[in-house]
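> Below is the sequence, then the predicted model.
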Amino acid sequence: MAQIVVVEPDKLLALIYKQALEHAGHSVYLAATIQRAVAILDLKAIDMLIVELQIAQHNGIELLYELRSYTDWNRVRIIIQSFVPEGRMMSSQTVQHLGVDSYLYKPKTSLFELCMTVESMLDRQTV
Amino acid sequence: MFHNNYGIRYTTHTLTTGVESVVTAHSFHSKHVDDDSIRLLLALAEQMKRPLIQASRSAELARMTSDISKIADIELIADTGIDVIESFILSLKLQQAGDTIPLESVSLSATLSDVAHMLQKLDGSNYFDVELHIAGKYGPIMAHAKGLQVALLNIGKVLMSTHGERYPSDRPVIALAARKTRRGIAAGIFTNLDGLDSKSFARARNLYGRASQPISQLTSESGAGIFIADSLLHTMESNLRVSHYKKLTGLAATFLPSQQLTLV
């Protein structure tokens, strides 16, 4: 199963995502800030990043640029799960350029859908 | 009929009066009140997404893991959402009342003490040091008692929730303080977090209702509670501003002392 970093500033939602993904059999690390996410990526062999774009002080896009600027992290799968609808904060070209695998609008994404998206990303990686 | 910045069309109640001079005189004021209310409503709508998503996902997780302890979380989340809505309704009612708001002599010490207890109750896990600094001689102020309490409570809640988004090196502090100033009596809520300054707050005042994260240096949320507090205090002829207390930063407002009781 996968090692996943969830970058989520909302403490309660972060715990909910952690429990749901752990229930699906994954190892989950939580980060409320970009700095903490980078620190985890440095220490662990992370397979996937689930990131909220709307974060205090630094937004999630900065993390994605950081991530894509290091070859070691290029294989990390990225799911954006955000309060910001697709296209409002970054264009679809930027989404593609940053190698984002899936963009989920948080208010409309159930835990089941999130888990299914994670599974399909991992299946694609295995193939 | 007006069009606001979001393309939402609305009419003022003055159209039903049938008196044209009243319509003209009243329109400018009504438009501003309605613009602000709609911006506040949009900030509230943005804010309300959060507890609703939290409740929905908690319920789904409870079903997924058969863990009924999540039901208590859902109740708490729903109560939080209801409180925000109630605050918004109160701010609207006070705005609509205009000059007829029943201002009264209010004890700032008692109000701050009540709010401190409410915030402490919300902090179930004792994560915060909730401090009360109300030493000093100052009499009652002129305010709307309920409005003042709700405004301070909203500010406190937003500041508390911002701590959850960081990894503070020191133990989080929420301090409620009052002090005498040249212009009156200042009261506010302060905390040991950076990201709040006058410039960013002024920008946030222009952005709320238009941006989903108007105080981006402080919180990832819409911070509706702060703007509802701002609106409530504005109806009491007070203004919310960024302020400092000892080494803490926060939001405070200055109130006029109650002249009625000065005579006693």
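That came through, no problem.
> Find the residue at the geometric middle of chain A.
A:Ile50 (1.4 Å; CA atoms, centre = their mean).
> low pLDDT regions in chain A?
A:125-127 (pLDDT under 70).
> Start from the N-terminal end of it and give the strands.
A:3-7, A:27-31, A:48-51, A:77-82, A:102-105 (DSSP state E).
> For B:Gly139, report the pLDDT, please.
pLDDT for B:Gly139: 84.
> Where does it sit: helix, strand or coil?
coil (DSSP: H, G, I helix; E, B strand; the rest coil).
> do you know how far it is from chain A?
39 Å (CB to the nearest CB, to the nearest Å). Where C-beta positions appear, they are placed from N, C-alpha and C, glycine not excepted.
> isn't B:Arg210 right next to B:Arg39, touching?
Yes. Using CB atoms under 8 Å, B:Arg210 is in contact with B:Arg39, at 7.0 Å.
> of the two, who's got more company?
B:Arg39 (21 against 12; other CB atoms under 10 Å in any protein chain shown).
> Just list the residues touching the more buried one, thanks.
By CB atoms under 8 Å, 6 or more residues apart in numbering or on different chains, B:Arg39 lies in contact with B:208-210, B:227.
> one more time with 6 Å, if that's ok
B:Gly209 (CB atoms under 6 Å, 6 or more residues apart in numbering or on different chains).
> mind listing the helices in chain B by residue range?
B:20-65, B:70-97, B:108-122, B:145-163, B:198-207, B:224-235, B:259-262 (DSSP state H).
> hey, which of the ones you listed is tucked in deepest?
Most buried of the helices of chain B, by mean neighbour count (mean count of other CB atoms under 10 Å in any protein chain shown): helix B:224-235, with a mean of 26.
> Any residues of the stretch 51-200 of chain B in contact with chain A? List them.
With the criterion set to CB under 6 Å from any CB of the partner chain, the stretch 51-200 of chain B comes near chain A through B:53-54, B:57, B:60-61, B:65, B:164-165.
> Go again with 10 Å.
Residues of the stretch 51-200 of chain B found near chain A (CB under 10 Å from any CB of the partner chain) are B:51-65, B:67, B:70, B:73, B:76-77, B:161-167, B:193-195.
> Thought B:Pro51 was touching A:Leu12, still the case?
Yes. The pair A:Leu12 / B:Pro51 is scored as a contact, 9.2 Å apart, by CB atoms under 10 Å.
> Just confirm yes or no for the lengthiest helix in chain A near chain B.
When chain A is parsed with DSSP H, its longest helix is helix A:111-126. Yes. Helix A:111-126 is in contact with chain B by CB under 10 Å from any CB, via A:111-112, A:114-115.
> Leaving out sequence neighbours, find the closest residue to B:Gly81.
B:Pro51 (3.8 Å; CB to CB, 6 or more residues apart in numbering or on different chains).
> can you pull the contacts of the one you found?
A:12, B:74, B:76-85 (CB atoms under 10 Å, 6 or more residues apart in numbering or on different chains).
> I'd like to know how far it sits from B:Ala59.
12 Å (CB to CB, to the nearest Å).
> Now list whatever residues contact both of the two.
By CB under 10 Å, 6+ apart, the residues touching both B:Pro51 and B:Ala59 are B:74, B:77.
> For the residue nearest the centre of chain B, give me the pLDDT.
Nearest to the geometric centre of chain B sits B:Ala229, at 2.6 Å (CA atoms, centre = their mean). According to the prediction, B:Ala229 has pLDDT 97.
> ok, it touching B:Asn239?
No. B:Ala229 lies out of contact with B:Asn239 (CB under 10 Å); the separation is 11.1 Å.
> before we move on, back to that, kindly reformat the residues of helix A:111-126 next to chain B as a markdown table containing neighbour count.
Listed next are these as a markdown table, based on neighbours: other CB atoms under 10 Å in any protein chain shown:
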| residue | neighbour count |
| --- | --- |
| A:Leu111 | 22 |
| A:Phe112 | 13 |
| A:Leu114 | 23 |
| A:Cys115 | 18 |
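> thinking again about what came up before, in CSV: the strands of chain A, plus distance to chain B.
Formatted as CSV, those follow (distance: least, CB to the nearest CB, whole Å):
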stretch, distance to chain B
strand A:3-7, 11
strand A:27-31, 9
strand A:48-51, 12
strand A:77-82, 10
strand A:102-105, 11
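> Including distance to B:Gly124, could these go into CSV?
Below are the strands of chain A laid out as CSV (distance: least, CB to CB, whole Å):
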stretch, distance to B:Gly124
strand A:3-7, 24
strand A:27-31, 20
strand A:48-51, 28
strand A:77-82, 27
strand A:102-105, 31
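> Ok, which of the ones you listed comes nearest B:His133?
strand A:27-31 (34.3 Å; CB to CB).
> what about the closest one, distance to the chain center?
10 Å (CA atoms, centre = their mean, to the nearest Å).
> Neighbouring strands - and their directions - for that strand?
Paired neighbours of strand A:27-31 in the sheet (DSSP bridges): strand A:3-7 (parallel).
> still on that earlier bit, the residue nearest to the centre of chain A touches A:Ile80, doesn't it?
Yes. If you go by CB under 10 Å, A:Ile50 and A:Ile80 touch, sitting 8.0 Å apart.
> what touches both of these two?
A:7, A:102, A:104.
> nearest to B:Ala202, of those?
A:Val7 (29.3 Å).
> Can you report how many residues lie near that closest one?
25.
> what sits opposite it in the beta ladder?
Beta-bridge partners of A:Val7, as defined by DSSP bridges: A:Ala31, A:Val51.
> Enumerate every residue touching it.
A:14, A:29-34, A:36-38, A:40, A:49-53, A:55, A:60, A:63, A:80-81.
> just A:His26 next, same as before
Contacts of A:His26 (CB under 10 Å, 6+ apart): A:1-4, A:6, A:18, A:20, A:47-48, A:115, A:118-119, A:122.
> Give me the buried subset of these.
A:2, A:4, A:6, A:18, A:20, A:47-48, A:115, A:118, A:122 (16 or more other CB atoms under 10 Å in any protein chain shown).
> Spit out the contact partners of B:Ala43.
Counting by CB under 10 Å, 6+ apart, B:Ala43 has contacts B:88, B:207-212, B:214, B:221-228, B:231.
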